[in-house]
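Novice: Kindly generate the corresponding structure for this input.
(2 chains)
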Number of protein chains: 2
Amino acid sequence: MPPLKIAIIGFGKIAADQHVPAIAANPRLELAATVSRQGKGVEGVPSFTTHSELLAADLGLDAAAITTPPSVRYQIARDCIEAGLHLMLEKPPTMTLSEIEDLACLAKGRQLTLQTTWHSQHAPAVAAAAEALAGKHIASMRVTWHEDVRKWHPGQEWIFEAGGFGVFDPGINAFSILTRIFPGALFVRNAELSFPENRQAPIAAEITFSSPVAGDDLHGSLDFRRSGSETWTIEIRTTEGMQMILSEGGSRLELDGRLHPGGGPGEYPDLYREFVDLVDCRSSKVDVRPLRLVADAFLLGRRKMVDPFLF
Amino acid sequence: MPPLKIAIIGFGKIAADQHVPAIAANPRLELAATVSRQGKGVEGVPSFTTHSELLAADLGLDAAAITTPPSVRYQIARDCIEAGLHLMLEKPPTMTLSEIEDLACLAKGRQLTLQTTWHSQHAPAVAAAAEALAGKHIASMRVTWHEDVRKWHPGQEWIFEAGGFGVFDPGINAFSILTRIFPGALFVRNAELSFPENRQAPIAAEITFSSPVAGDDLHGSLDFRRSGSETWTIEIRTTEGMQMILSEGGSRLELDGRLHPGGGPGEYPDLYREFVDLVDCRSSKVDVRPLRLVADAFLLGRRKMVDPFLF
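Specialist: Next up, the predicted model:
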């Protein structure tokens, strides 16, 4: 089978660090072009400054990975679907839930593959955590997603703008793991969102969840104000007394105090493995649940003003 | 065919004013019970104070209409589905998008009918407005949904609490009409939400929409601070120059200055007609689009503090 010719649209840090090596390592894929407004790209690979120029060029493309900021993704994705390309979308897939639902419709209508990606779901220990929890009833859950915004998002003013998600930008990674491992439906029951006085997106959030397969003790804490090291941990206790600690953003799993060996090819190589499988059978994977939980938190969250934040 | 035996769960004003007469007028339906914490109900019809008591009684129920406040609906609906009842849900169907998606799953698994209801979609002139716009390209849209909160929601403190939706409580009626009549996808592009300093839900909202079948001039204005009479109007101009004014909450339609005769049996009788049709073929109608647009507005909206509000 000839490799799928794929373009990367939105050639920034995540594309260079993750997508390019993952594509290069997969013999079923060939990086055929890149798009970057700043003219960045990969030596020896055709590059364009807009997706319209890419689509107008006669490259025989099969697919595209869209890694632009979310605010411009819908229009680019729509144009790509109309040009007959299979699509991988970086997280979050679009700015709004309505946009991703529409893209899912369009792709289905054209029988094209659409893949939403939540890279944390492919972290080495996540599959084992899901297996360990399958069929269990949950007694308690603590999600702690604390990091230093100055360290992980230095100078990224957009993250605190309206629609920038604030602390939910990393928090959605936690939600994506939760929706993968939690053994039943999970809902936001209430949320307290802390907005810096000078910002339009929350710097911290305390969330209470509910679930038909769990008791009342389900909590999440997201915070950008940590200095020094970060904590990306999900602790779950089942009613049978099993203790699960999934830490390091899904990379490390402890079950009842014993370290569980992780596995898998790595987050992005696994996403591209899945993408090729989806294209091979013209099916799609459109998982909106992590974004929907974020939207639910904004919909019913209490807002609290906190100290102004400056980078 | 014997009539479907239906219970009303959450017997408040909307149940008494709308659901009871609509059920009474439909020969395919029989009101078999009501549930009200305050013990309200209909003379001669069995009444219960909790849905659990209702489900434990051996009434041979076929269906239930859930008209409680949204915050308690998910658990009641889940219990009803597990008891094998077809369900009608008042608007909005649940507090969060995640809950309604889960109910849709559960109902599908049990082959039971689930109907979300958006009564404004059944207002007399809405179907004609949808027909007039079908296939058109939209040049501009103005949605004006202004009403006096003291007149329409006197003393309803919950409407300004977190999750109470504020001005989106009536605004979602406008969104439900939009999703019914707009001839293509519709997205929230940005929103400015005005929160009274002493409240957790917006008292007004200015929204800009976008759509693949329209230009850039799509706006909505929701406001609870109107005193006196109300305006519930959607004005749309097509690129061909057709002028549509849908006013009085979907009851009155003017096309190019000419009044268009309305029709239909009325909002709630039409909802129950649809419900019986759905149950007859065991299909469901789960329309989350109006709630999704509200969630999108909260997700990417700018927040602005305005004067405190007291009833």
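Novice: who touches the closest residue to A:Asp287 other than its chain neighbours in this structure?
Specialist: In space, and not counting its chain neighbours, A:Asp287 is closest to A:Thr116: 5.2 Å by C-beta to C-beta, 6 or more residues apart in numbering or on different chains. For every residue, glycine as well, the C-beta is placed using N, CA and C. A:Thr116 makes contact with A:Leu89, A:Lys91, A:Pro93, A:Ile100, A:Lys285, A:Val286, A:Asp287, A:Val288 under the criterion C-beta atoms under 8 Å, 6 or more residues apart in numbering or on different chains.
Novice: what secondary structure does the fourth one sit in?
Specialist: I take that to be A:Ile100. Three-state call for A:Ile100 (DSSP: H, G, I helix; E, B strand; the rest coil): helix.
Novice: Provide a list of residues in contact with it.
Specialist: Neighbouring residues of A:Ile100 by C-beta under 8 Å, 6+ apart: A:Leu89, A:Pro93, A:Thr94, A:Thr116, A:Val286, A:Val288, A:Leu291.
Novice: How about the second one?
Specialist: The neighbourhood of A:Lys91, defined by C-beta under 8 Å, 6+ apart, consists of A:Thr116, A:Thr117, A:Trp118, A:His119, A:Ile172, A:Asn173, A:Ser176, A:Pro290.
Novice: and with 10 Å instead?
Specialist: A:14, A:67, A:70, A:116-121, A:169, A:172-173, A:176, A:287, A:290-291 (C-beta atoms under 10 Å, 6 or more residues apart in numbering or on different chains).
Novice: so how far is the helix or strand bottoming out on mean pLDDT in chain A from its chain's centroid?
Specialist: Across the helices and strands of chain A, mean confidence by mean pLDDT, DSSP states H and E is lowest for helix A:13-14: a mean of 92. Computed by C-alpha atoms, centre = their mean, to the nearest Å, the chain-centroid distance of helix A:13-14 equals 14 Å.
Novice: I'd say A:Ala15 and A:Ala64 touch.
Specialist: No: counting by C-beta atoms under 10 Å, A:Ala15 stays clear of A:Ala64, with 11.5 Å between them.
Novice: what helix or strand is A:Arg180 on?
Specialist: Secondary structure assignment for A:Arg180, by DSSP states H and E: helix A:168-181.
Novice: Please name every helix or strand in contact with that helix.
Specialist: Helix A:168-181 is packed against helix A:126-133, strand A:138-146, helix A:149-152, strand A:204-210, strand A:214-223, strand A:231-238, strand A:243-247, helix A:289-300, with contacts defined by 3 or more C-beta pairs under 10 Å, 6 or more residues apart in numbering or on different chains; DSSP states H and E.
Novice: ok, back up a step: what residues sit buried inside the following helix or strand past the least confident helix or strand of chain A?
Specialist: Tracing the chain past helix A:13-14, the next element assigned as helix or strand by DSSP H and E is helix A:20-24. Buried residues in helix A:20-24, counting neighbours by 16 or more other C-beta atoms under 10 Å in any protein chain shown, are found at A:Val20, A:Ala22, A:Ile23.
Novice: Could you tell me what pLDDT the model assigned to the residue of the stretch 51-200 of chain A found nearest chain B?
Specialist: Chain B sits closest to A:Gly163 of the stretch 51-200 of chain A, with a gap of 3.5 Å, by C-beta to the nearest C-beta. Predicted confidence (pLDDT) for A:Gly163: 93.
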